[in-house]
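Novice: coords please:
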Amino acid sequence: MTMSHQVITKAVIPAAGLGTRFLPATKATPKEMLPVVDKPAIQYVVEEAVSAGLTDVLMITGRNKRPLEDHFDRNYELESALAAKGDDDRLKRVQESSDLATMHYVRQGDPRGLGHAVLCAAPHVGREPFAVLLGDDLIDPRDPLLSRMVEIQAETGGSVVALMEVDPAQVHLYGCAAVAPTDEDGVVRVTGLVEKPDPSEAPSNYAVIGRYVLNPAVFDILRETEPGRGGEIQLTDALQKLAEDESVGGPVHGVVFTGRRYDTGDRGDYLRAIVRLACEREDLGPEFRTWLRSYVTEEM
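Specialist: This next block holds a predicted model:
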């Protein structure tokens, strides 16, 4: 494997979606700001990027997304009120979000798909590798996925996607990868990608989940990529071209993730994510688990 000497510092978080599955809650509130226990979902994603060493974060936003910018900005009035009351614990938690990373924002404009959202980041990213994190997938910090992906990108110089084995009957909900083994445990070579295939035509049950570390050559391909499934510019199509011809921007590898992932893009999974995370919190878990056991027993 060749070595890439460019240190990855930039993360791109597409956040322009309308969140229609959560209406009416998302009529005036971005879906990324919906709370998961006591933090908005988007803060978990930014914290994950920072823990992997990515301190320059660009959010791709759209209309009605101003609360995202406000959340990661200082709120001097609130901070002053908390300081005056001596509420140091809440003051610290309020300041955490504004101290996490250097935040940047750009509007996507026309909602033309994930590939187009990534392309909007090109002027900011430049010609260096970067990460893309989708806000619907929360990865447990005890299972560091992104940092492993950054390591593999540094080794290969190409692009890296996160893969997870799913029930074959569910593969039509995801991008699906054709893979070949490598000599590294938990790492595969991606030889092809198909967006939301019919289960009978899927090349495997390895689904692409919302983490990518990309070679900047992907921008050149996205500029030439025609709208695909759903009339949108698909990132999967660009990655397929990289997988077909590694001379363009290096090979595509996949890191197979077997850890804890919380899907907040579906209402049922969103509720399950809140329950799981609340149960594991030291400050909330013991009392909450006791109540939950009692509630479940009464309902059975």
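Novice: ok, and the helix or strand in the chain with the lowest average confidence?
Specialist: In the chain, no helix or strand scores lower on mean pLDDT, DSSP states H and E than helix 246-249, which sits at a mean of 79.
Novice: so what secondary structure elements neighbour that helix?
Specialist: Under the contact criterion of 3 or more CB pairs under 8 Å, 6 or more residues apart in numbering; DSSP states H and E, helix 246-249 touches helix 217-224, helix 235-244. (Each C-beta comes from the backbone N, C-alpha and C, glycine too.)
Novice: So what touches the first one?
Specialist: Judged by CB atoms under 8 Å, 6 or more residues apart in numbering, the contacts made with helix 217-224 from elsewhere in the structure are 115-116, 118-119, 122, 125, 159, 233, 235, 238-239, 241-242, 248-250.
Novice: if we go to 10 Å?
Specialist: For helix 217-224, the external contacting residues (CB atoms under 10 Å, 6 or more residues apart in numbering) are 113-123, 125-127, 129-130, 132, 158-159, 212, 215, 225, 233-235, 237-242, 245-250, 252.
Novice: Check stretch 272-281 too.
Specialist: Taking CB under 10 Å, 6+ apart as the rule, stretch 272-281 contacts 34-39, 41, 44, 138, 140, 142, 260-264, 266, 284-289, 292.
Novice: If we use 7 Å, what do you get?
Specialist: With CB atoms under 7 Å, 6 or more residues apart in numbering as the test, stretch 272-281 has contacts from 36-37, 138, 262-264, 284-285, 288-289.
Novice: Closest to residue 97 out of those residues?
Specialist: The closest of the contacts of stretch 272-281 to residue 97 turns out to be residue 36 (CB to CB; 13.7 Å).
Novice: Now for that closest one, how many residues are close by?
Specialist: Around residue 36 sit 19 other residues, with neighbours defined as other CB atoms under 10 Å.
Novice: any idea how far it lies from residue 235?
Specialist: Relative to residue 235, residue 36 is positioned 25 Å away (CB to CB, to the nearest Å).
Novice: Residue 189 should be in a strand, yeah?
Specialist: Yes. If the criterion is DSSP: H, G, I helix; E, B strand; the rest coil, then residue 189 is within a strand.
Novice: Excluding covalently adjacent residues, which one is nearest to it?
Specialist: Once flanking residues are discounted, residue 189 sits nearest to residue 180: 4.4 Å by CB to CB, 6 or more residues apart in numbering.
Novice: Quick one: residues contacting the one you found.
Specialist: 188-189, 191.
Novice: Start from the N-terminal end of the stretch 51-200 of the chain and give the strands.
Specialist: Per DSSP state E, counting those that start in this stretch, the stretch 51-200 of the chain carries strands over the ranges 56-61, 102-107, 130-133, 137-139, 159-165, 175-181, 187-195.
Novice: The last one versus helix 235-244: what angle between them?
Specialist: Going back to what we said before, that points to strand 187-195. Interaxial angle, strand 187-195 versus helix 235-244 (axes from the mean of the first three to the mean of the last three CA atoms, to 10 degrees): 130 degrees.
Novice: Okay, now the sheet partners of strand 187-195, with direction.
Specialist: Sheet neighbours of strand 187-195, with direction, are listed as strand 175-181 (antiparallel), strand 252-256 (antiparallel) (DSSP bridges).
Novice: List the buried residues for that strand?
Specialist: Of all the residues in strand 187-195, those buried under the rule 16 or more other CB atoms under 10 Å are 187-190, 192-195.
Novice: Centre of the chain to whichever helix or strand comes after that strand, how far?
Specialist: Next helix or strand after strand 187-195 toward the C-terminus (DSSP states H and E): strand 206-214. Computed by CA atoms, centre = their mean, to the nearest Å, the chain-centroid distance of strand 206-214 equals 9 Å.
Novice: Alpha carbons only: can I get strand 206-214 in CSV?
Specialist: The C-alpha coordinates for strand 206-214 follow below in CSV (Å, rounded to 0.1, in the frame of the first residue of the first chain):
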residue,chain,number,x,y,z
TYR,A,206,-22.8,-5.2,2.6
ALA,A,207,-24.7,-1.9,2.9
VAL,A,208,-23.0,1.5,2.8
ILE,A,209,-23.8,3.5,5.9
GLY,A,210,-23.3,7.2,6.4
ARG,A,211,-19.5,7.6,6.7
TYR,A,212,-17.1,8.3,3.9
VAL,A,213,-13.5,9.4,3.6
LEU,A,214,-12.9,10.6,0.1
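Novice: what does it rub up against?
Specialist: Contact with strand 206-214 is made by 8, 129-134, 136-137, 145-146, 149-150, 153, 159-166, 171, 174-177, 179, 254, 257, 261, as judged by CB under 7 Å, 6+ apart.
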